[in-house]
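In: next comes the sequence, and after it the predicted model I'd like to discuss.
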Amino acid sequence: MKLQLALDELKLNDAIALAQRVREYVDIIEIGTPFVIDEGMNAVRKFKQQFPEKEILSDEKIMDGGFLESELAFNAGAEYVTVLGVTDILTIKACLKAAKAHGRQLVVDMICVADLPTRIAELEQAGAEILAVHTGADQQAAGRQPLDDLRVMKTHARRAKIAVAGGINSKTIDQYVALQPDIIIVGSAITHAADPQLEARLIKEAMLKAGGAE
Ligand SMILES: O=C(CO)[C@H](O)[C@H](O)COP(=O)(O)O
């Protein structure tokens, strides 16, 4: 089980400084969607230079132009790029083709997928290997969390690895770890914490305690 640190709102230098503070606890560093919009692939390149031992994820949430937009991330050094699960299956297949061509990985973000079981089957059929359960920031503000969707994902995914994101923190981590996802994504709980190092450590310890952390 890997811990993915999502960097969404920080400026480049502040994001690098934050990631350095929690470096020992995280496996994947996500250049979050607002960060990608703000800094582009420059942020992916900078993080790959500064954190060569980490996997970098470019959270582009691709909706169209799957091959071209995936290649931007892979050429900049990302191990993973994200595509939206609600988009056309042709776009997802184009992203998968780019990932295969570069020997990298595609994460399908299932935010706003209405019928999870049907879409999980279609995506696995298309060759998707990582599916991410995701309750977005605006949904979180309305009181939603990704736990129920993670249960649905665990029940229906046959082959794909499973990631989960959406407001997870050190107080709720045990509930997620119990469901054994492959990747746990944490953003604001760490980046907004008074003590980001402590928050990251508590989350990683909960993952280790359950025997799943890498
Ligand atoms: O993809 C994202 C927003 O679109 C976030 O990176 C993801 O939800 C993790 O952040 P948080 O833990 O703050 O919810």
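Out: Sure, I can see it.

In: look up phi and psi at the residue in the chain that the ligand sits nearest to.
Out: Relative to the ligand, the nearest point of the chain is Gly187 (2.5 Å; CB to the nearest ligand atom). To be clear about C-beta, it is placed using only N, CA and C from the backbone, and glycine gets the same treatment. Gly187 adopts backbone torsions of phi -110, psi -90, taken as degrees, to the nearest 10.

In: quick check, it in contact with Ala165.
Out: Yes. With contact defined as CB atoms under 8 Å, Gly187 reaches Ala165; the gap is 7.4 Å.

In: related to what we said a few turns ago, skip the chain neighbours and tell me the closest residue to the residue of the chain closest to the ligand.
Out: Nearest residue to Gly187 in three dimensions, chain neighbours excluded: Ala6, at 3.3 Å (CB to CB, 6 or more residues apart in numbering).

In: the one you found looks like it's in a helix, true?
Out: No. Using DSSP: H, G, I helix; E, B strand; the rest coil, the assignment for Ala6 is strand, not a helix.

In: need the contact list for the residue most central in space within the chain.
Out: Nearest to the geometric centre of the chain sits Ile185, at 5.5 Å (CA atoms, centre = their mean). Shown in contact with Ile185 (CB atoms under 8 Å, 6 or more residues apart in numbering): 4, 6, 30, 132, 163-165, 168.

In: using the three-state scheme, assign it.
Out: Strictly by three-state DSSP, Ile185 counts as strand.

In: so the closest residue to it other than its chain neighbours bridges to which residues?
Out: Closest residue to Ile185 apart from its sequence neighbours, by CB to CB, 6+ apart: Ala165 at 3.6 Å. According to DSSP bridges, the partner residues bridging Ala165 are His134, Ile185.

In: quick check: pLDDT value at Ala165.
Out: Looking at Ala165, its pLDDT stands at 98.

In: so what's the residue nearest to Gly187 bridging to?
Out: Glu30.

In: other SSEs contacting the lengthiest strand in the chain?
Out: The residue-count maximum for a strand in the chain (DSSP state E) belongs to strand 55-62. Where contact means 3 or more CB pairs under 8 Å, 6 or more residues apart in numbering; DSSP states H and E, strand 55-62 is packed against strand 2-7, strand 28-31, helix 33-39, helix 41-50, helix 66-76, strand 80-84, strand 105-109.

In: thinking again about what came up before, right, and the residue nearest to Ile185 touches Gln139 too?
Out: No. Using CB under 8 Å, Ala165 makes no contact with Gln139, being 11.3 Å away.

In: these two - which one has more neighbours?
Out: Ala165 (26 against 16; other CB atoms under 10 Å).

In: distance from the chain centre to stretch 142-160, please.
Out: Distance, stretch centre to chain centre, for stretch 142-160: 14 Å (CA atoms, centre = their mean, to the nearest Å).

In: quick one: mean pLDDT over that stretch.
Out: 97.

In: who touches that stretch?
Out: 110, 116-117, 120-121, 123-124, 128-131, 133-135, 162, 164-168, 172, 175-176, 179-181.

In: and if you look at stretch 116-127?
Out: So stretch 116-127 is in contact with 85, 89, 92-93, 96, 108, 110, 113, 131, 149, 152-153, 155-160, going by CB under 8 Å, 6+ apart.
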